[in-house]
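*Asks:* have a look; sequence and predicted model below, questions after that.
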Amino acid sequence: MNNDQNKNASTIGWHFIILMSRQGKIRLSEFFSSYTESEKRRMIRDITSDVLPRQPKMCNIIEKEGYKFIYRRYASLYFVVGVPLHVNELLVLEEIHLFVEALDGYFNSVCELDLVFSLHKSLSILFEMFVGGMLNESNKRDVLKNIIDAEGLVEELATRGEDVGSQLNDGLSYQEQFQLGRKPGRRGDRGSVNR
């Protein structure tokens, strides 16, 4: 591939998705493009300052510095997606709605607490639907079936008497483990305690 093809391939799809409350608390964030930590903090600050004060009847699209914020509010949550300038906004709004429908299907009417206490499940749904920021699976029944099958595999592989959720810790960051109420960094044999 030459440089133009590489550049075009990286400007298709979502750059990031951020779910935040009306108070500006980040409930989920995933960056599909590479950004430094300072760039991520700046983008989150921009999103918070640009999206939260907007009135409900205002446009859901904000263009800023070579990309667009496209957002949609559901109850107390904002779903904000960052995309390149040339991407169809209506398609992105439809993809956001599809993601929310999949979350609703899994959590049976998703709310902010579901995202806080089941972050790993929300991310599993996101990663099942979107690969590298591009929509991979649009059939929410297939997405939910794959998630339930994966959970069944985890339960099947879990040892007796062990918390099934502890099997998922190895794939979670320290922040995600903390948000789930688990002690971060526990790896290896979870049953023994060294005294």
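*Replies:* Structure received. Just so it is clear, the model here is predicted, and its values are computed rather than measured. Residues are numbered from 1 along each chain as shown.

*Asks:* please make it C-alpha for all contacts and neighbour counts, starting now.
*Replies:* Noted.

*Asks:* if I pick Glu39, what's in contact with it?
*Replies:* By CA atoms under 8 Å, 6 or more residues apart in numbering, no residues touch Glu39.

*Asks:* and it, what pLDDT?
*Replies:* Glu39 is assigned 91 on the pLDDT scale.

*Asks:* against Gly152, how distant is it?
*Replies:* 38 Å (CA to CA, to the nearest Å).

*Asks:* and stretch 61-73, how far out from the chain middle?
*Replies:* Averaging C-alpha positions (CA atoms, centre = their mean, to the nearest Å) puts stretch 61-73 17 Å from its chain's average.

*Asks:* what's in contact with that stretch?
*Replies:* By CA under 8 Å, 6+ apart, stretch 61-73 touches 47, 51, 60, 78-85, 89, 92-93, 96.

*Asks:* swap in stretch 83-93?
*Replies:* 11-16, 61, 63, 66-72, 81.

*Asks:* among those residues, which two are most distant?
*Replies:* Thr11 and Arg72 (21.5 Å; CA to CA).

*Asks:* between the two, which has more neighbouring residues?
*Replies:* The residue with more neighbours, out of Thr11 and Arg72, is Arg72; 20 against 17, by other CA atoms under 10 Å.

*Asks:* which strand residues bridge the more buried one?
*Replies:* The partner list for Arg72 in beta bridges (DSSP bridges) reads Phe79.

*Asks:* how near is it to Glu37?
*Replies:* 25 Å.

*Asks:* same deal with Ala150?
*Replies:* 31 Å.

*Asks:* where does this structure have its least confident helix or strand?
*Replies:* Least confident element among the helices and strands of the chain, by mean pLDDT, DSSP states H and E: helix 3-10 (a mean of 44).

*Asks:* next structured bit after that one?
*Replies:* strand 16-21 (DSSP states H and E).
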